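> Dropping a prediction and its sequence here:
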Amino acid sequence: MLYMLLCYNNEAEVMGWTPQEDAAVMGRLTVVHDKLVAEGKLGPSGRLQATGSARTLMKGDAPFVVDGPFAETKEQFLGFYVIDVADMDAALDVAGQLGEANPNGAYEVRPMRLFLPGGAVGV
C-alpha cells in the first residue's frame, strides 16, 4: 500500500543549518533511505526549496496567483516521501525512523493513490 509522508519543520531553523549540520542530517537520513531502497519500500522523495520560492494558484471563478504557500504556519512543508509498505503501522514505523534521523518537526502520514496514464495505483 502506498503512503505519503509529508515532512514539516521550522523553515528558519532548517535553512539556517550550516553546511556541516545539513550534511550530518542528510547523512543520517541516507542510512534510512538506503535501508528502505534495499527493502523495495522507497519511492519518489523530494526536498522542497524555501517557501519564499513558492506560488499558489487560488482556484475559483477568477483564478489568481499569490506569492508563497497556501497557509502560513509555525512549521512549513519542506519535503515528502512516497513509501510502499503493508499498512499504516508500517508507515508510522518508517516515519519514526526518519524522525530519529532528523529530529524536530513532524511527519504527516497519509494513504495515497498514484495516478498514472491508464489508471490509479494504490488505495
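Cool, got the structure. Numbers count the residues shown, from 1 in each chain.

> For the spatially most central residue of the chain, give me its contacts.
Centroid-nearest residue in the chain: Phe80, 1.6 Å away (criterion: CA atoms, centre = their mean). Contact partners of Phe80, counting by CB atoms under 8 Å, 6 or more residues apart in numbering, are 4-7, 45-46, 48. The way it works is simple: take the backbone N, C-alpha and C, and place the C-beta from them, glycine included.

> so of these, which ones are in strands?
Secondary structure from DSSP state E places 4-7, 45-46 of the contacts of Phe80 in strands.

> mean confidence score for stretch 91-105?
The pLDDT scores in stretch 91-105 average 92.

> about what we covered before: could you dump the ones in strands among the contacts of Phe80 to JSON lines with neighbour count, pLDDT and distance to Gly96?
Output for those, formatted as JSON lines (neighbours: other CB atoms under 10 Å; pLDDT from 0 to 100; distance: CB to CB, whole Å):
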{"residue": "Met4", "neighbour count": "21", "pLDDT": "94", "distance to Gly96": "16"}
{"residue": "Leu5", "neighbour count": "21", "pLDDT": "95", "distance to Gly96": "11"}
{"residue": "Leu6", "neighbour count": "15", "pLDDT": "92", "distance to Gly96": "15"}
{"residue": "Cys7", "neighbour count": "24", "pLDDT": "92", "distance to Gly96": "13"}
{"residue": "Ser45", "neighbour count": "17", "pLDDT": "94", "distance to Gly96": "16"}
{"residue": "Gly46", "neighbour count": "11", "pLDDT": "93", "distance to Gly96": "20"}
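
> if we can go back for a sec, make JSON lines from the contacts of Phe80 and add distance to Gln76 to it.
Output for the contacts of Phe80, formatted as JSON lines (distance: CB to CB, whole Å):
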{"residue": "Met4", "distance to Gln76": "17"}
{"residue": "Leu5", "distance to Gln76": "15"}
{"residue": "Leu6", "distance to Gln76": "11"}
{"residue": "Cys7", "distance to Gln76": "10"}
{"residue": "Ser45", "distance to Gln76": "17"}
{"residue": "Gly46", "distance to Gln76": "14"}
{"residue": "Leu48", "distance to Gln76": "8"}
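
> and the nearest residue to Tyr3 once chain neighbours are set aside, how many neighbours?
Among residues not flanking Tyr3 along the chain, Ala91 sits closest, at 4.0 Å (CB to CB, 6 or more residues apart in numbering). Ala91 has 24 neighbouring residues, counting by other CB atoms under 10 Å.
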